[in-house]
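Enquirer: Using only what follows, build the 3D model:
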Amino acid sequence: MNPDLYRKRLDSGSERRVVTMLRGGPWCWPSELDRAPWELAVSLVPDGPPNLVPGQVPLVAVTKEQIGASLFCLCMRAAGGATNTESTPFSAEVRQVWDDAALALPRSLPLLWTSVREAHDAPRPAFHLTTRAVRVGVAVRPTELKGPSFGLAFLLALASRVLGKPLPADIVASATVSADGQVGPVDGLPEKIAVVEAEAPRIRRFLVAADQAQDARAIASAIEIVAVRSAGHAIELVFGDEFRRFLAGAGSDPAARAELVDSFFRLVLSGRQAVVDWRPVEQGAAIACSEWPDLDALARWKLEFTRAVAARHENNRGEIPIPQPELLNSFPAPVRVGVVVQLVQQCADTGRPDPSVLQDLIKRLGYLVPIQDAFAPHLKLWGAYARLLAVTGQPHEALRIQEALAKVFLCQFEYDQISYQLSEWYRLAGACDDRAAFDRAEDMCVGVTKLGGLGFAGKPFVSLTRARAMVCLQISHQDDPAKTLESLSRDLQLPTHLRWSAARSYALMLTARGEVERQNQLVTELEQAAEQSSNQAQDLRIALTLCRIDLALTEACCGSATDPLLDQLKALDPGPLSHLLKAAAGVEPARYVARFYPY
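Expert: Next up, the predicted model:
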């Protein structure tokens with residue numbers, strides 16, 4: 001008898017049960033794991049493991065040469081607790097995956113900043129459950145766990161530990177998770193699905209990256225494939241109302257409540273880059289507003305502010321309540337400017353509050369100091385103001401401001417701040433048909449690139465807007481913009497709004513070149529992707545609608561054909577469309593929108 005695992009399936013009427021003999025591992029959880037290593041335990045359980053406890057999660061790993069796959073159980077322990085010598089070690093690469101998951105968790109549930117460190121430092125042994133071959137050959141049990149595919153499982157284990165809530169016993173997850181909470185595809189998914197379906201009959205749901213879900217569903221036969229868009233989305237899917245209860249309870253203590261309100265407020269002032277998925281932030285602020293007792297006026301305003309900004313980042317929604325002068329004056333000067341920055345950006349992206357109200361507010365406060373004399377908070381306000389001008393009928397002035405800002409950031413050695421300004425510089429140069437501005441942007445881009453200033457996150461945005469400007473200005477030279485746009489549109493690691501915007505610009509490029517067949521094929525691909533996506537795929541639907549507007553304009557269609565498309569676009573993204581349609585007075589609306597739509 002193999003002391004590691006002896007399992008025999010017994011059929012008893014319609015109920016299948018499993019008899020398991022364990023040596024501190026297979027399908028056993030903390031109570032069994034604390035026993036002596038060689039003690040045999042016999043359990044009779046229905047089709048697999050009993051319920052988990054906080055910090056436990058199943059792991060799936062492919063075997064050598066992907067002949068099969070193995071199941072493990074990750075069991076987080078209290079720091080300083082005893083560990084079982086029979087656990088399987090993780091490679092150095094996987095330890096980095098654990099660190100990335102720990103960084104992604106507070107960016108997905110920002111209110112948990114004070115709790116993640118303890119969970120991250122807890123011992124985390126992984127115990128082998130079973131190994132199964134799914135093709136001809138011998139599937140050898142891994143002696144070390146390698147690869148980035150444990151990222152999503154690690155994130156869920158950490159969330160479980162922090163929330164103090166066990167994961168559902170019917171799930172398993174295999175996807176990468178970056179430090180900023182993006183979820184990506186993995187290798188060996190067919191083998192992993194096969195071992196789960198064959199060896200873990202109680203597991204009913206397999207969480208995978210959204211971009212890999214369609215392929216996974218074609219493979220799976222007895223398990224539900226669940227598409228995950230981000231770390232925050234995974235936590236929402238798995239824990240559901242547990243997050244609401246956790247947050248509601250956290251607000252019952254006045255000191256904790258005050259700390260969490262300030263954490264929310266600091267987060268949204270940090271900007272879009274602070275979080276990859278803003279839905280949990282929006283939901284958390286909404287829960288706090290409705291369920292936390294005895295909120296004073298300042299705390300409630302901060303939470304409403306948080307909720308509105310998060311809604312804008314997530315879906316261009318939400319309205320920030322304009323603070324009364326006494327409330328605004330209660331903040332230090334940089335925070336006051338930061339609040340106004342968010343108000344201006346909110347107006348540009350959602351259409352609310354009215355631009356005239358903000359212009360009066362900015363003028364009254366005197367925050368638009370000369371750009372060459374401005375410090376960081378005022379420079380951000382100038383950037384937000386230019387963003388508003390670009391959609392409210394003053395794109396040439398917006399271009400001038402963005403160019404000036406990029407030069408100031410360069411002079412201040414703030415290289416990592418230049419990518420947004422340079423992106424807007426390129427975009428507006430193309431939209432305004434300003435070849436001279438494009439050439440100046442080229443000189444800036446060369447200089448900043450030599451200094452390493454665009455950064456990994458900013459470079460794709462600059463590449464997109466540069467290629468888009470080349471399309472608008474009909475510029476062609478050695479670096480073909482079509483290749484750039486096609487590459488960006490197919491890079492699954494990029495943010496979805498960037499990918500789909502690149503796809504729309506690529507379709508426009510194909511149309512300009514007369515490659516109608518390829519252009520129609522690309523639009524068909526977008527249509528098929530939109531049909532297969534959830535209602536949350538707004539970026540894709542916006543890009544598809546813009547593609548249809550572009551196509552209608554190339555076919556010399558007038559308002560009768562483009563008006564319904566503009567209505568669709570306005571329903572998807574009402575803020576920018578409301579501004580652009582007002583700014584298009586005396587100009588064909590569809591052509592103006594297609595040229596100056598900001599994404």
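Enquirer: Count the neighbours of the residue nearest to residue 402 when sequence neighbours are not counted for me.
Expert: Using CB to CB, 6 or more residues apart in numbering and skipping the chain neighbours, the partner closest in space to residue 402 is residue 424 (4.3 Å). The C-beta positions use only the backbone N, C-alpha and C, and glycine is treated the same way. Residue 424: 26 surrounding residues under other CB atoms under 10 Å.
Enquirer: Equivalent analysis for residue 388, please.
Expert: Here the number of neighbours of residue 388 (other CB under 10 Å) works out to 21.
Enquirer: contacting residues around residue 291?
Expert: 247-248, 251 (CB atoms under 8 Å, 6 or more residues apart in numbering).
Enquirer: Over to residue 51?
Expert: Counting by CB under 8 Å, 6+ apart, residue 51 touches 166, 169.
Enquirer: rewinding a little: I'd assumed residue 386 was in contact with the residue nearest to residue 402.
Expert: Yes. Under the criterion of CB atoms under 8 Å, residue 424 makes contact with residue 386 at 7.0 Å.
Enquirer: Overlap in contacts, the two.
Expert: Common contacts of residue 424 and residue 386 (CB under 8 Å, 6+ apart): 398, 402.
Enquirer: Following element in sequence after the host helix or strand of residue 577, please.
Expert: According to DSSP states H and E, residue 577 maps onto helix 574-583. Moving toward the C-terminus from helix 574-583, the next helix or strand (DSSP H and E) is helix 589-596.
Enquirer: Report the angle between that next one and helix 574-583.
Expert: Computed with axes from the mean of the first three to the mean of the last three CA atoms, to 10 degrees, the direction of helix 589-596 lies at 120 degrees from that of helix 574-583.
Enquirer: Give the buried residues for helix 589-596.
Expert: Burial within helix 589-596, assessed by neighbour count using 16 or more other CB atoms under 10 Å, is assigned to 589-590, 592-596.
Enquirer: same deal with stretch 482-501?
Expert: Of all the residues in stretch 482-501, those buried under the rule 16+ other CB under 10 Å are 482, 484-486, 488-489, 494-496, 498-501.
Enquirer: Tabulate these (JSON lines), appending secondary structure and distance to residue 376.
Expert: Output for the buried residues of stretch 482-501, formatted as JSON lines (DSSP: H, G, I helix; E, B strand; the rest coil; distance: CB to CB, whole Å):
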{"residue": "482", "secondary structure": "helix", "distance to residue 376": "38"}
{"residue": "484", "secondary structure": "helix", "distance to residue 376": "31"}
{"residue": "485", "secondary structure": "helix", "distance to residue 376": "33"}
{"residue": "486", "secondary structure": "helix", "distance to residue 376": "37"}
{"residue": "488", "secondary structure": "helix", "distance to residue 376": "30"}
{"residue": "489", "secondary structure": "helix", "distance to residue 376": "34"}
{"residue": "494", "secondary structure": "coil", "distance to residue 376": "27"}
{"residue": "495", "secondary structure": "coil", "distance to residue 376": "24"}
{"residue": "496", "secondary structure": "helix", "distance to residue 376": "29"}
{"residue": "498", "secondary structure": "helix", "distance to residue 376": "25"}
{"residue": "499", "secondary structure": "helix", "distance to residue 376": "30"}
{"residue": "500", "secondary structure": "helix", "distance to residue 376": "32"}
{"residue": "501", "secondary structure": "helix", "distance to residue 376": "28"}
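Enquirer: Go through the residues you listed and name the one nearest residue 303.
Expert: For the buried residues of stretch 482-501, the residue nearest residue 303 by CB to CB is residue 495; the value is 26.7 Å.
Enquirer: Contact partners for that closest one?
Expert: Residue 495 is in contact with residue 182, counting by CB under 8 Å, 6+ apart.
Enquirer: Ramachandran coordinates for it?
Expert: The phi/psi pair for residue 495 (degrees, to the nearest 10) reads phi -60, psi 140.
Enquirer: Can you tell me what sits against the helix or strand harbouring residue 457?
Expert: Residue 457 belongs to helix 455-473 when assigned by DSSP H and E. Residues outside helix 455-473 that contact it (CB under 8 Å, 6+ apart) are 273, 415-416, 418-420, 422-424, 426-427, 429-431, 433, 435, 438, 441, 445, 454, 475-476, 481, 484-485, 488, 491, 494, 498, 501-502, 505, 508-509, 512, 595.
Enquirer: same question for that helix, mean pLDDT?
Expert: On average, the pLDDT along helix 455-473 is 89.
Enquirer: send the alpha carbons of that helix over as PDB?
Expert: The C-alpha coordinates for helix 455-473 follow below in PDB (Å, rounded to 0.1, in the frame of the first residue of the first chain):
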ATOM      1  CA  GLY A 455       8.600  53.600 -18.500                       C
ATOM      2  CA  PHE A 456       7.000  50.200 -19.100                       C
ATOM      3  CA  ALA A 457       3.400  51.400 -18.400                       C
ATOM      4  CA  GLY A 458       3.600  54.600 -20.300                       C
ATOM      5  CA  LYS A 459       5.300  53.500 -23.500                       C
ATOM      6  CA  PRO A 460       2.300  51.600 -25.000                       C
ATOM      7  CA  PHE A 461       0.100  54.700 -24.600                       C
ATOM      8  CA  VAL A 462       2.700  56.800 -26.400                       C
ATOM      9  CA  SER A 463       3.100  54.200 -29.100                       C
ATOM     10  CA  LEU A 464      -0.600  54.100 -29.600                       C
ATOM     11  CA  THR A 465      -1.200  57.900 -29.900                       C
ATOM     12  CA  ARG A 466       1.900  58.300 -32.100                       C
ATOM     13  CA  ALA A 467       0.700  55.700 -34.500                       C
ATOM     14  CA  ARG A 468      -2.800  57.200 -34.500                       C
ATOM     15  CA  ALA A 469      -1.400  60.600 -35.300                       C
ATOM     16  CA  MET A 470       0.600  59.100 -38.200                       C
ATOM     17  CA  VAL A 471      -2.700  57.700 -39.500                       C
ATOM     18  CA  CYS A 472      -4.400  61.100 -39.200                       C
ATOM     19  CA  LEU A 473      -1.500  63.000 -40.800                       C
END
